[in-house]
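**Q** Quick one, fold the following:
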Amino acid sequence: MVRYDEAPSSIVVTSSHRDANLNDTESETRVMGMRARAGVKGLILGNTAEMIIHHCTSNVVVLR
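**A** Residues are numbered from 1 along each chain as shown. Model prediction:
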């Protein structure tokens, strides 16, 4: 198993993408969750995840 040094991190919880200032920190990567949709719609990103990926200047990892 490979171990990495700890990196500084912070957690910001918002109820809407409108509450979050996407570019207010110097973070290199942002991690966010998404709700899985059923059927074919579940194969693509939701509106919020797509908006954040489009507007954020850092890397974004979307977890389902």
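**Q** May I have the residues that are in contact with the nearest residue to residue 28 once chain neighbours are set aside?
**A** Residue nearest to residue 28 in three dimensions, not counting chain neighbours: residue 58, with 5.7 Å by C-beta to C-beta, 6 or more residues apart in numbering. All C-beta spots, glycine's among them, are computed from the backbone N, C-alpha and C. By C-beta atoms under 8 Å, 6 or more residues apart in numbering, the contact list for residue 58 reads 23, 27, 28, 29, 30.
**Q** how close does residue 58 sit to residue 3?
**A** Plainly put, residue 58 is 24 Å away from residue 3 if you go by C-beta to C-beta, to the nearest Å.
**Q** coming back round to it: out of the contacts of residue 58, what pair is the most spread apart?
**A** Farthest-apart pair in the contacts of residue 58 is 23 and 29; separation 13.4 Å (C-beta to C-beta).
**Q** can you give me phi and psi for the most centrally placed residue in the chain?
**A** Centroid check for the chain by C-alpha atoms, centre = their mean gives residue 32 as the closest residue, at 3.0 Å. Main-chain dihedrals, residue 32, degrees, to the nearest 10: phi -140, psi 160.
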